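S.K.: here is my input, please return the structure:
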Amino acid sequence: MKHTYLLGVDIGTSGTKAALWSEDGELVAQATEEYALDRPQPSWAETDAETWWNAVCQCIRNALAQSGIDPRDVAGVGVDGLGWVLLPVDRRGEPLRPAMIWLDRRAEPEAAWLRSLPEAEHLVDLVANPLDAAYITPKILWLKQHEPAIFEAAHMFLTSTGFVVHRLTGEFSCDYTQAYGYHFFDIRQGRWDAQAAALIGVPLDKLPPVCSSCTIVGQVTRAAAQSTGLRAGTPVIAGGLDAVVGSLGAGVARLGQTVDQGGTAGGMALSVDHVIVEPRLIFSHHVVPGQYLFQSGTVGGGTLAWFRDTLGQAEVNAAGLLRCSPYDLMSAEAKEAPPGAHGLIFLPYMAGERTPLWNSQARGVFFGLSYKTTRADILRAIMEGCAYAVYHNMRIAESRGVSVKEWIGVGGATRSDVWCQIKADVTGKPFTLARRPGGVEGGHTLGLAVMTASALGLCDDMSARIEELLPERRTFEPSPQRHAMYEDLFGIYLDLSNKLLADFERLAAVVQAHDPFQASGRQGVESA
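M.R.: Numbering: from 1, shown residues only. Here you go, the predicted model:
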């Protein structure tokens, strides 16, 4: 019997994954390729788009080889990618410079200029998102000011998803879930706004057509087939933002369902049916028709990786001997500390903070250290601090009249039962892991498979289909007593965050004036 397969390609900050799924929801094969993030100057964050494409080609070839599937049996391809990316390309779709990604905050002056405009409030209302340096709009203005030749030469400004879809099909596109990075996108009408674009100074002819995520944009070209091993003519959908596609893959398919993204970039995404303008948070289309996602984005999720690389040599060495992950050992250590970590509070602003602070200068803080503080306390405080950051955003979202009906966790953090329980206790809400049979997480490529199946007419209802594919539920119930304690500690967390904002700015000024790295802007490369 002949089977039909669906290919999902997930382009992340630090790596790309390709996975083949059968039509009935079985993961057949997957492959990953990692790469580094370039930090050529302070506040800059770039990736050579060719790195993405090379990783995509290698992942697809490896997944096909592992599966033994005939490429003719791959019915369609879905792509998602990291957000707030500015990539200028020429008429052939060739990059004119490295892509500025979501972590790039060089465009602070341009964001400040946008906020100073008399029409600033209208721009925020149009796209339902704040005027912050991380978004694409200020980056375009930075390019126009600092690299005018590239700005003028640019035929199109593409997102990460748009770039890979173009490489696959030769067609230019931007899907709704990526378009919200531009402040001339009318989120209610789903189209570019010519008046707003003219006000900002961006020619709309440099923007690709905008479409829904499940639109079939084109077919795999012969050149792309040679590079990837796919069959020429295979349909490719427009795809979407990685966080949004990941929300579907986690099980967020109905109103009120909310995902907790426990990865390098943390946050939440709550499904709603109407546009909400709340500049402290993030708002976008969902890939599910008729739904939007009320989102937050935090940067503290990578703090445990920082601890592992900076202070965790003992765990790294032990993990090698025990053949386990250093994170498993760190989680076990954190379990030894009591809730509240003996009064140690951590502000997880290791690379500034996005929602709701929108502050590039914020930095990580341990508050309450004493001679009695243990490594276990520090590890638990890191986990609790990241949970506070998401809870801060959740409370703002709920203040706008929406409610979290199901709190679903995804990402590497869900491998820690301790961290999952902390999230339940901090928020006071049951924290659920929605899983495939055998307890396996769904994730981005599952979401892409369901989207592609819908586009090809193989699936009538994406919401129902994702529920069928994630039948298992494991729930961590909150403790009322621990939640009451965390409410008190969370109040201190909020006070600290607010009181330190001015000091973060002062510290940044001193560092900029005296730190050799900041002053020289010397070249550097880091893993995301």
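S.K.: CA only for contacts and neighbour counts going forward, please
M.R.: Fine.
S.K.: got the contact list for the closest residue to His285 other than its chain neighbours?
M.R.: With Cα to Cα, 6 or more residues apart in numbering as the measure, Tyr292 is the residue that lies nearest to His285, at 4.3 Å, once sequence neighbours are left out. For Tyr292, the set of contacting residues under the criterion of Cα atoms under 8 Å, 6 or more residues apart in numbering consists of Ser271, Val272, Asp273, His274, Val275, Phe283, Ser284, His285, His286.
S.K.: can you give me the helices for the stretch 151-300 of the chain?
M.R.: With helices called from DSSP state H, counting those that start in this stretch, the stretch 151-300 of the chain shows them at 160-169, 176-179, 194-200, 222-228, 242-250.
S.K.: output the ones you listed in TSV, with mean pLDDT, mean neighbour count and distance to Val404 appended to each entry.
M.R.: As requested, the helices of the stretch 151-300 of the chain are exported to TSV (pLDDT from 0 to 100; neighbours: other Cα atoms under 10 Å; distance: least, Cα to Cα, whole Å):
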stretch	mean pLDDT	mean neighbour count	distance to Val404
helix 160-169	98	26	29
helix 176-179	98	28	21
helix 194-200	98	15	34
helix 222-228	98	17	41
helix 242-250	95	28	14
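S.K.: closest to Thr258 out of those helices?
M.R.: Closest to Thr258 of those is helix 242-250 (Cα to Cα; 8.0 Å).
S.K.: so that closest one versus helix 160-169, what angle?
M.R.: With axes from the mean of the first three to the mean of the last three Cα atoms, to 10 degrees defining the directions, helix 242-250 sits at 80 degrees from helix 160-169.
S.K.: how close does Leu456 get to Cys214?
M.R.: 9 Å (Cα to Cα, to the nearest Å).
S.K.: give me the common contacts of the two.
M.R.: Listed as contacting both Leu456 and Cys214 by Cα under 8 Å, 6+ apart is no residue at all.
S.K.: more neighbours, the two?
M.R.: Neighbours per residue, other Cα atoms under 10 Å: of Leu456 and Cys214, the larger number sits with Cys214, 24 against 18.
S.K.: correct me, but that one touches Ala238?
M.R.: Yes - Cys214 is within contact range of Ala238, at 6.1 Å (criterion: Cα atoms under 8 Å).
S.K.: which stretches of the chain have low pLDDT?
M.R.: Within the chain, the ranges that satisfy pLDDT under 70 run 1-2, 264-265, 516-528.
S.K.: could you list the domains of it?
M.R.: Using automatic domain parsing, the domain ranges for the chain come out as 5-238, 252-443+459-518.
S.K.: pick the most deeply packed of these.
M.R.: Comparing the domains of the chain on average neighbours per residue, with mean count of other Cα atoms under 10 Å, the densest one is domain 5-238 at a mean of 21.
S.K.: how about the helices of the stretch 401-528 of the chain, start to end?
M.R.: So, for the stretch 401-528 of the chain - with DSSP H, counting those that start in this stretch - the helices run 417-427, 444-455, 462-469, 480-514, 516-520.
S.K.: among those helices, which is nearest Ala45?
M.R.: With respect to Ala45, and counting by Cα to Cα, the nearest of the helices of the stretch 401-528 of the chain is helix 516-520 at 14.5 Å.
S.K.: got the contact list for Glu467?
M.R.: By Cα under 8 Å, 6+ apart, the residues touching Glu467 are Gly251.
S.K.: now with 6 Å, please.
M.R.: Contacts of Glu467 were listed using Cα atoms under 6 Å, 6 or more residues apart in numbering, and none were found.
S.K.: do the same with Arg61
M.R.: Listed by Cα under 6 Å, 6+ apart, the contact partners of Arg61 are Thr228, Gly229.
S.K.: same question, Asp132
M.R.: The contact partners of Asp132, by Cα under 6 Å, 6+ apart, come to Ala111.
S.K.: and for Ala154?
M.R.: If you count contacts by Cα under 6 Å, 6+ apart, then Ala154 has Pro88, Val89, Asp90 around it.
S.K.: in JSON lines, list the helices of the stretch 151-300 of the chain along with distance to Ser296.
M.R.: Formatted as JSON lines, the entries for the helices of the stretch 151-300 of the chain read as follows, by distance: least, Cα to Cα, whole Å:
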{"stretch": "helix 160-169", "distance to Ser296": "20"}
{"stretch": "helix 176-179", "distance to Ser296": "14"}
{"stretch": "helix 194-200", "distance to Ser296": "25"}
{"stretch": "helix 222-228", "distance to Ser296": "35"}
{"stretch": "helix 242-250", "distance to Ser296": "10"}
